[in-house]
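Asker: sequence first, predicted coordinates after that:
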Amino acid sequence: MTAAAGGLGGGGGGGATAGLAPDVVLSVRDLRTHFVSRRQTARSVDGVTFDLKRGETVAVVGESGSGKSVTSLSIMRLLADPGRIVAGEILHRDRKGVVRDLARASAREMRGLRGTEIAMIFQEPMTSLNPLFTVGDQIAEMILLHERIDRRAALERAGDMLELVEIPAARRRLHDYPHHMSGGMRQRVMIALALANTPSLLIADEPTTALDVTIQAQILDLLRRLQREMGMSILFITHNLGVVAEIAREVVVMYAGRVVEQAPVRDLFARPRHPYTEGLLACTPNASRDIGADGARRPLLPIPGSVPPITALPPGCTYAPRCAYAAPACTSTVPPLFTVAPAHLSRCLRTELL
Ligand SMILES: Nc1ncnc2c1ncn2[C@@H]1O[C@H](COP(=O)(O)OP(=O)(O)OP(=O)(O)O)[C@@H](O)[C@H]1O
């Protein structure tokens with residue numbers, strides 16, 4: 001694969017970059033990531049498009065298997081074999097204003113970008129933390145990878161990072177091993193590690209899913225504060241629409257590898273326009289929606305059925321087999337994304353019914 005950075009670098013024009021607004025840090029354009037084997041093709045991500053502005057948060061939401069993680073791993077270029085980006089662009093603007101198409105960046109360029117410009121946090125902190133080293137050493141090591149300072153200065157900075165993520169007695173905890181810490185504290189250490197080099201983009205893949213509700217709220221608060229202070233952009237991956245309302249300004253709803261609805265958070269909650277989003281909202285615990293006009297609690301209703309296997313999608317709208325509004329036309333045509341309101345897209349032939 002050839003490096004495209006030279007051609008796009010500097011934001012000096014050139015086809016793709018020319019259309020990138022100056023406040024956009026990440027522009028994913030018609031991304032297609034497939035897993036092709038001799039027996040079958042999994043179109044795990046099939047035409048995903050969204051923009052993420054500086055200092056803002058976009059949430060990607062959907063049930064298990066909808067393609068959220070494959071989208072984030074495509075951006076990081078950490079796809080497992082035989083996963084390949086087969087089409088589309090992933091334009092990223094670094095802190096110096098240089099725009100690269102990550103879909104075409106070389107492995108060497110990606111190594112330089114991961115951890116400095118683009119960082120990732122996961123549901124399970126132990127996927128990022130090494131059990132054999134103290135948390136201080138791990139954060140210092142991350143800083144030393146990208147900065148020419150001495151070890152003592154790096155450890156000092158690691159202490160600052162632990163303070164930044166509000167770990168009590170931070171400097172003393174530098175010498176702890178990850179397994180000495182609670183799940184919530186480990187998640188804070190992972191955030192410190194991810195933010196050690198002040199990335200322009202943080203990808204957070206279900207970072208609060210494994211935590212109890214109180215700790216979850218604290219971690220979301222922390223991410224919001226750090227985002228305000230550091231000005232980074234966050235791509236937040238979750239299956240939980242309740243969390244989306246807390247953190248994001250814009251939502252991308254995915255189903256079976258495709259975007260089915262995309263809108264500012266408020267509009268999506270006020271008036272979901274795709275039956276799948278309506279279904280997700282109906283099974284999301286949320287105070288304002290759980291209580292009906294009569295004051296009675298509404299039951300949370302799961303969406304019937306499950307996401308179809310990505311290698312055997314039904315023809316037409318892939319949600320039609322589960323959809324209460326499905327009409328005969330839905331099973332013959334893949335609907336395009338319709339603009340149903342300003343900045344609000346829905347991939348449904350019957351959007352007007354909602
Ligand atoms: N290595 C792989 N080989 C083949 N198919 C894969 C591979 N990795 C992912 N897929 C398929 O891609 C589809 C999307 O998976 P993905 O992990 O992105 O879903 P997700 O929405 O993130 O779900 P979850 O919330 O469970 O992580 C799934 O159908 C999955 O089976």
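Answerer: Thanks, I have the structure now. Everything quoted here is computed from the prediction, not taken from an experiment.

Asker: low-confidence ranges in the protein?
Answerer: Along the chain, the model assigns pLDDT under 70 to residues 1-18, 286-298.

Asker: quick one: the helices in it?
Answerer: For the chain, the helices defined by DSSP state H occupy 5-8, 15-18, 68-76, 107-113, 135-146, 151-164, 170-173, 183-195, 213-230, 241-247, 265-270, 275-282, 287-290.

Asker: can I get those in TSV including mean neighbour count and distance to the ligand?
Answerer: Every C-beta, even on glycine, is put in place using the N, C-alpha and C of the backbone. Putting those into TSV (neighbours: other Cβ atoms under 10 Å; distance: least, Cβ to the nearest ligand atom, whole Å) gives the following:
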stretch	mean neighbour count	distance to the ligand
helix 5-8	18	26
helix 15-18	15	25
helix 68-76	22	3
helix 107-113	14	19
helix 135-146	21	25
helix 151-164	18	28
helix 170-173	17	30
helix 183-195	23	17
helix 213-230	15	16
helix 241-247	20	13
helix 265-270	17	18
helix 275-282	22	13
helix 287-290	10	22
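
Asker: which of the ones you listed sits closest to residue 304?
Answerer: Of all the helices of the chain, helix 275-282 sits nearest to residue 304, with 8.6 Å by Cβ to Cβ.

Asker: follow-up on the earlier one: mind checking which of the helices of the chain is nearest residue 314?
Answerer: For residue 314, the closest of these is helix 275-282, at 13.8 Å, according to Cβ to Cβ.

Asker: if we can go back for a sec, out of the helices of the chain, nearest to residue 60?
Answerer: Closest to residue 60 of the helices of the chain, according to Cβ to Cβ: helix 68-76, at 5.0 Å.

Asker: just the CA trace of the closest one, in PDB.
Answerer: The C-alpha coordinates for helix 68-76 follow below in PDB (Å, rounded to 0.1, in the frame of the first residue of the first chain):
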ATOM      1  CA  LYS A  68     -19.300  -0.300  15.400                       C
ATOM      2  CA  SER A  69     -16.000  -1.800  16.400                       C
ATOM      3  CA  VAL A  70     -15.000  -2.600  12.800                       C
ATOM      4  CA  THR A  71     -15.500   1.100  12.100                       C
ATOM      5  CA  SER A  72     -13.200   2.100  14.900                       C
ATOM      6  CA  LEU A  73     -10.600  -0.500  14.100                       C
ATOM      7  CA  SER A  74     -10.600   0.600  10.500                       C
ATOM      8  CA  ILE A  75      -9.800   4.200  11.600                       C
ATOM      9  CA  MET A  76      -7.000   2.800  13.800                       C
END
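
Asker: beta-bridge partners for the closest residue to residue 236 other than its chain neighbours, please?
Answerer: Distances taken as Cβ to Cβ, 6 or more residues apart in numbering put residue 59 closest to residue 236, at 4.5 Å, once the chain neighbours are dropped. Beta bridges link residue 59 to residue 236, residue 251, judged by DSSP bridges.

Asker: was I right to think residue 59 contacts residue 247?
Answerer: Yes: assessed by Cβ atoms under 8 Å, residue 59 is found in contact with residue 247 at 6.7 Å.

Asker: okay, and the common contacts of the two?
Answerer: With contacts taken as Cβ atoms under 8 Å, 6 or more residues apart in numbering, residue 59 and residue 247 have residue 236 as neighbours in common.

Asker: in contact with the spatially closest residue to residue 184 that is not a sequence neighbour, which residues?
Answerer: Spatial nearest neighbour of residue 184, chain neighbours left out: residue 215 (4.0 Å); criterion: Cβ to Cβ, 6+ apart. Applying Cβ under 8 Å, 6+ apart to residue 215 gives the contacts 183, 184, 187, 208.

Asker: one more: residue 179?
Answerer: Shown in contact with residue 179 (Cβ under 8 Å, 6+ apart): residue 131.

Asker: how close does it sit to residue 170?
Answerer: For residue 179, the distance to residue 170 equals 18 Å [Cβ to Cβ, to the nearest Å].

Asker: how many residues are close by the residue in the stretch 251-354 of the chain that the ligand sits nearest to?
Answerer: Scanning the stretch 251-354 of the chain for the residue nearest the ligand gives residue 310, at 3.6 Å (criterion: Cβ to the nearest ligand atom). By other Cβ atoms under 10 Å, the residues close to residue 310 number 22.

Asker: do residue 206 as well
Answerer: For residue 206, the count of nearby residues is 18 (other Cβ under 10 Å).

Asker: contacting residues around the nearest residue to it once chain neighbours are set aside?
Answerer: Of all residues not flanking residue 206 in the chain, residue 123 sits nearest, at 4.0 Å (Cβ to Cβ, 6+ apart). Residue 123 is in contact with 205, 206, 207, 209, 210, counting by Cβ under 8 Å, 6+ apart.

Asker: just these: which are in strands?
Answerer: Residues of the contacts of residue 123 located in strands (DSSP state E): residue 205.

Asker: so residue 340 is in contact with residue 277, correct?
Answerer: No: in this structure residue 340 lies outside contact range of residue 277 using Cβ under 8 Å: 11.6 Å.

Asker: for burial, what's the neighbour tally of the residue of the stretch 101-250 of the chain found nearest the ligand?
Answerer: Closest residue of the stretch 101-250 of the chain to the ligand, Cβ to the nearest ligand atom: residue 239 (5.4 Å). Residue 239 has 17 neighbours, counted by other Cβ under 10 Å.

Asker: contacts only, for it.
Answerer: The contact partners of residue 239, taken as Cβ under 8 Å, 6+ apart, are 61, 62, 63, 64, 68, 206, 209.
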